[in-house]
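1. Predicted model follows, preceded by the sequence.
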Amino acid sequence: MSDVHVFNAGPCLLPDQVYDRAAEALRSFAQPGVSVLSVSHRSDEWVRIMDETRDLWKRLLNIPDGYDVLFLAGGASMEFLRVPMNFLEHKAAYLDTGIWAGKAYKEACGIGNAVIAASSADKGYTYIPKDFDIPEDADYLHITTSNTVYGTRLKKDIDCPVPLVADMSSDILTRPVDISRYALIYGGAQKNAGTAGVSFVIVRKDALGKVSRHIPSMLDYSLLSEHKSMFNTPPVFPIFVMHETLRWTLENGGVEEMQRRARAKADLLYAEVDRNPLFRGVASREDRSEMNVTFVMSPGNESLEQEFLDFAFARGIVGIKGHRYAGGFRASIYNACTLDDVKSLVQAMKDFENR
């Protein structure tokens with residue numbers, strides 16, 4: 001796989017070790033000849049995987065006592081609905097920083113009273129709002145820490161006078177997080193935690209049970225926690241891939257090492273975007289994401305966009321076409337993306353300039 005450099009935003013590149021272990025488990029998992037696809041989710045072998053996966057999350061993020069980790073189907077988009085169902089009683093506040101933050105807000109509006117605390121829509125979501133007022137009568141504030149479409153990112157855990165809920169789909173496991181600041185953290189696994197088909201939810205248990213509405217069983221975090229994410233049959237294969245991805249993360253230095261690697265990769269790529277006269281960065285410099293590097297052709301060179309995509313693809317560079325809402329280019333440099341992958345993209349940018 002070394003001749004191909006994958007920058008897809010998700011589902012994204014996974015470590016070779018994870019591919020190997022997942023392929024082996026497809027053939028033989030619980031016992032010789034019994035695939036992970038066929039294992040009973042009530043078996044001792046599978047319960048062990050669930051327990052180990054939960055423990056890996058707790059070790060990697062130093063999750064305090066009083067929190068539970070859930071593995072659920074439906075992706076982050078389902079959590080857009082589950083969050084207000086479980087937390088919205090009188091009013092919810094949302095930080096609008098992009099498409100996915102907007103979708104989360106829209107779901108909350110269908111449940112009850114939701115307001116926008118601040119928005120960066122005025123400049124095409126190219127920055128993160130700062131020094132905004134958080135309604136102190138809100139049941140919670142919802143933030144999206146890393147915005148995959150526009151390439152912006154909150155760089156630190158914010159102070160919040162109300163319960164804080166965060167979509168961390170794109171930057172979980174890439175930096176240390178002070179979990180105690182949050183009532184709930186969620187995200188799709190298919191960026192840094194595994195493959196599509198399962199989402200993670202880290203929830204402070206005493207933050208639940210505060211709403212008066214009836215919550216349908218499959219939307220009730222308390223019930224799902226009580227049943228250890230097995231109220232119904234869990235998505236076993238995506239959870240197994242998550243288990244192996246977390247193992248790889250721990251074996252390779254944990255989130256501190258992932259943060260160091262992310263900065264090295266991002267610094268290298270942003271340096272070339274800023275140096276090369278053919279390209280221009282999109283996100284505000286102070287809010288640039290270390291996960292999703294967004295850039296476009298510089299003014300006067302817009303007609304070269306497809307030509308550069310073809311040029312890069314011929315060199316084994318896959319997945320750098322920008323989101324359909326944003327255009328241009330996007331290189332997602334998640335944990336499994338290597339510095340050599342980024343060097344190959346940078347070299348292609350230089351070679352295209354020289355040509």
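-> Sure, I can see it.
2. What is the burial count for the residue nearest to Ala92 when sequence neighbours are not counted?
-> Closest residue to Ala92 apart from its sequence neighbours, by C-beta to C-beta, 6 or more residues apart in numbering: Ala114 at 4.6 Å. No exception for glycine: its C-beta is placed from N, CA and C like everyone else's. By other C-beta atoms under 10 Å, 21 other residues sit near Ala114.
3. just checking, Ala114 touches Leu88?
-> Yes - Ala114 is within contact range of Leu88, at 7.2 Å (criterion: C-beta atoms under 8 Å).
4. tell me, what's touching the two both at once?
-> Shared contacts of Ala114 and Leu88 (C-beta atoms under 8 Å, 6 or more residues apart in numbering): Ala108.
5. hey, where'd the strands end up in the stretch 101-250 of the chain?
-> Using DSSP state E, counting those that start in this stretch, the strands of the stretch 101-250 of the chain run over 114-119, 140-144, 146-147, 152-153, 164-167, 184-188, 199-204.
6. which non-adjacent residue is nearest Leu154?
-> Thr145 (4.8 Å).
7. Test my guess that the one you found contacts Thr174.
-> No - in this structure, Thr145 is not within contact of Thr174 by C-beta under 8 Å, at 10.0 Å.
8. Those two: which is more packed in?
-> Counted by other C-beta under 10 Å, Thr145 and Thr174 do not tie: Thr145 has more neighbours, with 28 against 25.
9. List phi and psi for that one.
-> Thr145 has phi and psi values of phi -80, psi -30 when expressed as degrees, to the nearest 10.
10. show me what contacts it?
-> Arg153, Leu154, Ala166, Asp167, Met168, Ser170, Asp171.
11. Quick check: it vs Gly110, distance?
-> 23 Å (C-beta to C-beta, to the nearest Å).
12. So for Arg280, which of the strands of the stretch 101-250 of the chain sits nearest?
-> Nearest to Arg280 among these is strand 152-153 (15.7 Å), distances taken as C-beta to C-beta.
13. If you count contacts, what does that closest one end up packed against?
-> With contacts taken as 3 or more C-beta pairs under 8 Å, 6 or more residues apart in numbering; DSSP states H and E, strand 152-153 sits against strand 146-147.
14. for the record, mean pLDDT for the strand it packs on?
-> Averaging pLDDT along strand 146-147 gives 95.
15. Tell me which stretches of this structure form helices.
-> Using DSSP state H, the helices of the chain run over residues 16-27, 44-61, 75-87, 99-109, 221-226, 236-251, 254-275, 305-313, 339-354.
16. list the buried ones in the fourth one?
-> Within helix 99-109, the residues scored as buried using 16 or more other C-beta atoms under 10 Å are Ile99, Trp100, Ala101, Gly102, Ala104, Tyr105, Glu107, Ala108.
17. isn't the second one right next to Ser146, touching?
-> It refers to Trp100. No - Trp100 sits out of contact with Ser146 when judged by C-beta under 8 Å, with a separation of 9.6 Å.
18. shared neighbours, the two?
-> The contact lists of Trp100 and Ser146 share Ser169, where a contact means C-beta under 8 Å, 6+ apart.
19. How about the contacts made by Tyr270?
-> Shown in contact with Tyr270 (C-beta under 8 Å, 6+ apart): Gly281, Arg288, Val293.
20. what's the distance between it and Thr249?
-> For Tyr270, the distance to Thr249 equals 24 Å [C-beta to C-beta].
21. Right, I'll leave it there.
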